[in-house]
Structures are given as C-alpha cells and as structure tokens.
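Peer 1: no sequence on this one, just coordinates:
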C-alpha cells in the first residue's frame, strides 16, 4: 500500500477549498493545505473539511509548495507519493486515482494531469494560458525532446524523486522548473488527460495582466536557463 499525501497551495480559496478536500479519494493519507497569506476563511474552511493547515506568509506558489514539502520532511514516516493540486476546484480531485496509477502500477516517476482541449470546459483556460502552455511545451520539446503538452498543476511524483529535484522556485516558475528537472535527470514521466472546469473565484495569475506577464517571464527564464546549462 502506497502512502500518499496531497499538498494544496491556497490563497483566498474560502469558497472552493472544502469542495476540493471533500472530493479527494480516501486512498490519500493526508491532505495538506498551505494558506499563502489568505485573508478570508480559507484556513478555517480547510480545517473544518479535515485538512492539515499550514501558513506561509511569503507570497508565491513555490513558497507554499516548499512549505508543504518542509512539513512532510519533518514527519517520521515519509510518503511514497506526493500529489500537488490547486485549491480553486478547477481540477477534478476525484481523478487523483488516475494521476497516481502510472506510478503505482507502472513505476513511472512523475505524472502530469494534462488539460486537453476536449476535456476542458469553455473558458476554463484563458488565451494567455493556452498560448503560454503551448510555447513552454514547444520549447521543451525543441530543446529536450520532451513530450509534455501542458504545465498542469495537478501532478504526482514519487517522494524520493521530488527530493532529488531540489526544487527552488518560489513563485510562478514552480511547475515548469519541476518538469525541466525531471527531463534533465531523465526521470520517467507520462501525461494523463484530465477534465478541467472554470475555477471558483478569480485566478491570481492568469486573471491579472501583471500575473500573466510575471508567470510568462518566469517560465521562459527557467527554460532558457536549462537550455544552455551543461
């Protein structure tokens, strides 16, 4: 039996976080919500829904993920698999069993939930998001012969492999950094098509011009950094 923990970075997701937690399958041992300086009832609602709640005052997606990883590293019994999932209810948490299956049954190291067009609700991804995903994955294919088609936040990875990546990005570059390091370290990976719906609330990244620009700069920065790194 694999020990599975879920890390959910969350900034002001009071209206959605309980839905996310409640839809996560029972195969998960612990759900860890990292409140990234939330000013609403995200923390209270997450606790009421049964999650472990941490607080990270430094704002940034990567900061929140690293906080969750630090918490796990201090536990006596380490998990076999870590799943990352957003707190906005745009993904379908019940599909977690599909995400972990390639690891559990086929020994893959890393799995991305790919937000393919046929399974996306209309309007669930903005045009800048769609273009940014295409550009980033095109460049990864060009430079690293990658088969990634998405930078989807719903992802699973063996815990030991996650530690080996030595993750460091604190903000918008977290997802692409992980994928680039998976490629660099020649880990085995696969994409699984997942459903995707309109999020509850406004996106903190794609929902603002500044957020979209900063995310784009970070993502391209990581790709070019690794493209010319020996």
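Peer 2: On my side now, so go ahead. Just so we're clear, the structure is a prediction, and the values are computed from it rather than from any experiment.

Peer 1: how about the helices of this structure, start to end?
Peer 2: Under the criterion DSSP state H, the chain contains helices at 17-22, 42-48, 61-73, 96-106, 127-144, 159-165, 174-184, 209-227.

Peer 1: Throw those into JSON lines and include mean neighbour count, distance to residue 120 and mean pLDDT, thanks.
Peer 2: The C-beta positions use only the backbone N, C-alpha and C, and glycine is treated the same way. What follows is the helices of the chain, written out as JSON lines (neighbours: other Cβ atoms under 10 Å; distance: least, Cβ to Cβ, whole Å; pLDDT from 0 to 100):
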{"stretch": "helix 17-22", "mean neighbour count": "22", "distance to residue 120": "18", "mean pLDDT": "98"}
{"stretch": "helix 42-48", "mean neighbour count": "20", "distance to residue 120": "25", "mean pLDDT": "98"}
{"stretch": "helix 61-73", "mean neighbour count": "20", "distance to residue 120": "21", "mean pLDDT": "98"}
{"stretch": "helix 96-106", "mean neighbour count": "17", "distance to residue 120": "16", "mean pLDDT": "98"}
{"stretch": "helix 127-144", "mean neighbour count": "16", "distance to residue 120": "9", "mean pLDDT": "88"}
{"stretch": "helix 159-165", "mean neighbour count": "17", "distance to residue 120": "27", "mean pLDDT": "98"}
{"stretch": "helix 174-184", "mean neighbour count": "23", "distance to residue 120": "17", "mean pLDDT": "94"}
{"stretch": "helix 209-227", "mean neighbour count": "16", "distance to residue 120": "18", "mean pLDDT": "67"}
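
Peer 1: nearest to residue 54, out of those?
Peer 2: helix 61-73 (5.6 Å; Cβ to Cβ).

Peer 1: list the contacts of the closest one.
Peer 2: Outside helix 61-73, the residues that touch it by Cβ atoms under 8 Å, 6 or more residues apart in numbering are 5, 7-11, 32, 34-36, 52, 54, 56, 78-79, 82, 84, 159, 162-163, 167-174, 177, 205.

Peer 1: may I see the ChimeraX selection of the buried members of those?
Peer 2: Here is the ChimeraX command that selects only those of the contacts of helix 61-73 that count as buried (16 or more other Cβ atoms under 10 Å):
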select :5,7,8,9,10,11,32,34,35,36,52,54,56,79,82,84,159,162,167,169,170,171,172,173,174,177,205
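
Peer 1: do you know how far residue 131 is from residue 175?
Peer 2: 16 Å (Cβ to Cβ, to the nearest Å).

Peer 1: of the contacts of helix 61-73, which belong to strands?
Peer 2: Members of the contacts of helix 61-73 lying in strands (criterion: DSSP state E): 5, 7-10, 32, 34-35, 52, 54, 82, 84.

Peer 1: and of the residues you listed, the nearest to residue 146?
Peer 2: Using Cβ to Cβ, the ones in strands among the contacts of helix 61-73 come closest to residue 146 at residue 84, 18.9 Å.

Peer 1: who does the closest one bridge with?
Peer 2: Beta-bridge partners for residue 84, by DSSP bridges, are residue 7, residue 155.

Peer 1: can you pull the contacts of it?
Peer 2: Taking Cβ under 8 Å, 6+ apart as the test, what residue 84 contacts is 6-9, 65, 153-156.

Peer 1: that one and residue 95, how far apart?
Peer 2: To residue 95, residue 84 is 14 Å away according to Cβ to Cβ.

Peer 1: now for the two: what residues contact both?
Peer 2: Joint contacts of residue 84 and residue 95 (Cβ under 8 Å, 6+ apart) are residue 154.

Peer 1: tell me the contacts of the residue lying closest to residue 192 once chain neighbours are set aside?
Peer 2: Nearest residue to residue 192, sequence neighbours excluded (Cβ to Cβ, 6 or more residues apart in numbering): residue 98, at 5.4 Å. Residues in contact with residue 98 (Cβ under 8 Å, 6+ apart) are 113, 192, 194.
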